[in-house]
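**Q** Generate coordinates for the sequence data below:
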Amino acid sequence: MEEKNKMINIAIPESLLERMEDFRFDQRFKTRAEAMRFLMEWALDRNPKKE
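**A** Next up is the predicted model:
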């Protein structure tokens with residue numbers, strides 16, 4: 001069964017968006033969404049804990 005994508009809207013500081021865009025272009029992701037999904041999955045795979 002194919003997993004459906006859901007749209008979300010988030011507000012982030014412009015400085016974080018700039019960092020994400022730099023990452024996207026440095027890593028040659030085709031879209032911002034693809035880069036954001038990669039970063040979220042990468043972070044969650046590390047089982048982060050809120051301090």
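**Q** so who does Lys36 touch?
**A** If you look again at residue 36, you'll see it is Met, not Lys. Contact partners of Met36, counting by C-beta atoms under 8 Å, 6 or more residues apart in numbering, are Met20. Backbone N, C-alpha and C define where each C-beta goes, glycine included.
**Q** so it is in which element?
**A** For Met36, the element it lies in under DSSP states H and E is helix 32-44.
**Q** Compute the first-to-last residue distance for stretch 26-35.
**A** Distance between the two ends of stretch 26-35: 10 Å, counting by C-alpha to C-alpha, to the nearest Å.
**Q** what sits up against that stretch?
**A** With C-beta under 8 Å, 6+ apart as the test, stretch 26-35 has contacts from Met20, Glu21, Phe23, Arg24, Phe38.
**Q** Buried by neighbour count: which residues of that stretch qualify?
**A** Phe29, Ala35 (16 or more other C-beta atoms under 10 Å).
**Q** And the average pLDDT for that stretch is what?
**A** For stretch 26-35, mean pLDDT rounds to 97.
**Q** Quick one: the helices in this structure, in order.
**A** Listed in chain order, the helices of the chain (DSSP state H) span 14-27, 32-44.
**Q** one step back: apply the buried test to the contacts of stretch 26-35 and list what passes.
**A** Buried among the contacts of stretch 26-35 by 16+ other C-beta under 10 Å: Met20, Arg24.
**Q** Could you export the contacts of stretch 26-35 as a markdown table, including distance to Ile8?
**A** Conversion of the contacts of stretch 26-35 to a markdown table gives the following (distance: C-beta to C-beta, whole Å):
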| residue | distance to Ile8 |
| --- | --- |
| Met20 | 15 |
| Glu21 | 18 |
| Phe23 | 19 |
| Arg24 | 18 |
| Phe38 | 16 |
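**Q** what's the closest of the contacts of stretch 26-35 to Pro48?
**A** Within the contacts of stretch 26-35, proximity to Pro48 (C-beta to C-beta) peaks at Phe38, which comes in at 15.7 Å.
**Q** residues contacting the closest one?
**A** Here Phe38 is in contact with Gln27, Phe29 (criterion: C-beta under 8 Å, 6+ apart).
**Q** run the last query once more with 7 Å
**A** For Phe38, the contact set (C-beta atoms under 7 Å, 6 or more residues apart in numbering) comprises Phe29.
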